[in-house]
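Could you work out the structure for the sequence below:
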Amino acid sequence: MKLVRDLSAVSDELRSGAVAIGNFDGVHRGHARIVERLVALARQVHGPAVVFTFDPHPVRILRPEQAPPPLTWTEHKAQRLAELGVDFVIAYPTDERLLSLSADDFFDLVVRRSLDARAMVEGPNFFFGRDRQGTIDLLRRMTAAAGIQLEVVTPVLFEGQIVSSSRIRNLLSEGRVDEAAEMLMRPYRIRGMVTHGAARGAKLGFPTANVNAIDTLIPGVGVYAGRARVNRNWLPAAINIGPNPTFGDDALKVEVHLLGFNEVIYGCPLEVEFLARLRGTERFESVEALRAQLRQDVKQVEQIALRHPPPVE
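Residues are numbered from 1 along each chain as shown. Prediction:
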């Protein structure tokens with residue numbers, strides 16, 4: 001799979017195939033259905049399966065105060081799409097010029113001139129062009145006039161409700177990471193940089209990596225079982241999101257205790273996956289009571305990790 005960030009860099013190998021346009025935030029089950037049909041149509045027209053997405057989300061430029069936190073970063077999104085069968089991902093650097101294009105001009109520039117698409121696949125709520133003036137009905141008329149095959153994919157339901165990025169964000173914000181994983185088809189993942197903290201975990205016998213500069217949604221406050229990738233290896237991890245009330249610390253932090261790992265990783269990147277929420281954060285009457293709870297947390301993490309083999313990447 002090739003990740004492209006500039007339309008001027010689009011070569012002939014990206015043209016004359018099937019195209020899907022959208023944010024694909026999280027790459028969930030609904031997106032997987034679109035990609036399944038995209039790949040099938042690409043094979044029919046004997047061309048590549050291409051996803052055109054935006055970096056950043058257009059709302060972050062148009063209405064930054066309303067922009068939702070993303071569920072994944074661009075490289076991971078492209079990786080997930082490739083695993084589903086996409087040949088090329090165009091992560092277009094969203095700018096005012098692109099957002100000012102009318103629906104007609106967007107269709108002409110992206111679909112016809114840049115990609116020379118032979119087929120398109122979209123969901124029923126697809127919009128394009130300035131002020132979202134391009135609807136799926138308009139796209140039907142445009143593709144028909146251009147001789148481009150269009151398939152509109154029905155939404156995917158999970159427990160009776162449509163799978164969507166906003167629904168997944170709500171679940172993660174409530175700490176329901178296992179339910180979010182069902183719709184994401186894998187555990188939810190964040191990334192950040194390891195920085196120095198107060199070193200309280202080390203004094204308790206449970207050293208933690210303090211993770212900062214996280215550029216995606218942080219799940220709700222609580223203690224989680226998960227795993228983290230260090231030097232390409234996935235290790236079981238106990239994750240605390242929130243304050244440390246036992247020590248009178250009200251600052252929101254992401255702290256990761258890596259089971260069986262004692263190396264110094266300050267300044268290193270860390271990817272963390274969430275498998276299950278263990279409990280909420282609470283104030284303990286003594287340090288020893290906190291230490292006893294941490295021992296129980298680690299045991300639960302070990303048991304849960306055995307049921308969830310690490311990803312192969």
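
Asp105 versus the most centrally placed residue in the chain, what's the distance?
Residue closest to the average C-alpha location in the chain (CA atoms, centre = their mean): Thr72, at 2.4 Å. Thr72 sits 29 Å away from Asp105, going by CB to CB, to the nearest Å. From N, CA and C alone the C-beta is placed, and that goes for glycine too.

Next up, the contacts around the residue nearest to the centre of the chain.
Asp25, Gly26, Val27, Arg80, Arg189, Thr216 (CB atoms under 8 Å, 6 or more residues apart in numbering).

For Glu96, give me the pLDDT.
In this model, Glu96 is scored at 88, pLDDT.

secondary structure element for the residue nearest to it when sequence neighbours are not counted?
Take Glu96 and drop its neighbours on the chain: the residue closest to it by CB to CB, 6 or more residues apart in numbering is Ile61, 7.1 Å away. Secondary structure assigned from DSSP states H and E places Ile61 in helix 59-62.

helix or strand right after the worst-scoring helix or strand of the chain on mean pLDDT?
One helix or strand of the chain scores below all others by mean pLDDT, DSSP states H and E: helix 200-204, with a mean of 63. For helix 200-204, the succeeding helix or strand toward the C-terminus, using DSSP H and E, is strand 209-212.

Partner strands of the helix or strand following that following strand, with direction?
Scanning forward in sequence from strand 209-212 by DSSP H and E, the next helix or strand is strand 222-230. Sheet pairing for strand 222-230, assigned by DSSP bridges, gives strand 233-244 (antiparallel), strand 269-279 (antiparallel).

Which of those comes out lowest on mean pLDDT?
The bottom spot among those, by mean pLDDT, belongs to strand 233-244, with a mean of 92.

mind saving the C-alpha coords of that one as CSV?
Taking C-alpha atoms only, strand 233-244 is exported to CSV below (Å, rounded to 0.1, in the frame of the first residue of the first chain):
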residue,chain,number,x,y,z
ASN,A,233,7.3,-5.8,21.1
TRP,A,234,3.8,-5.8,22.7
LEU,A,235,3.8,-6.1,26.5
PRO,A,236,0.9,-6.4,28.9
ALA,A,237,0.1,-3.1,30.5
ALA,A,238,-2.0,-1.6,33.4
ILE,A,239,-3.1,1.8,32.3
ASN,A,240,-4.3,4.6,34.6
ILE,A,241,-6.1,7.6,33.1
GLY,A,242,-7.0,10.4,35.4
PRO,A,243,-5.8,12.0,38.6
ASN,A,244,-4.0,10.4,41.6
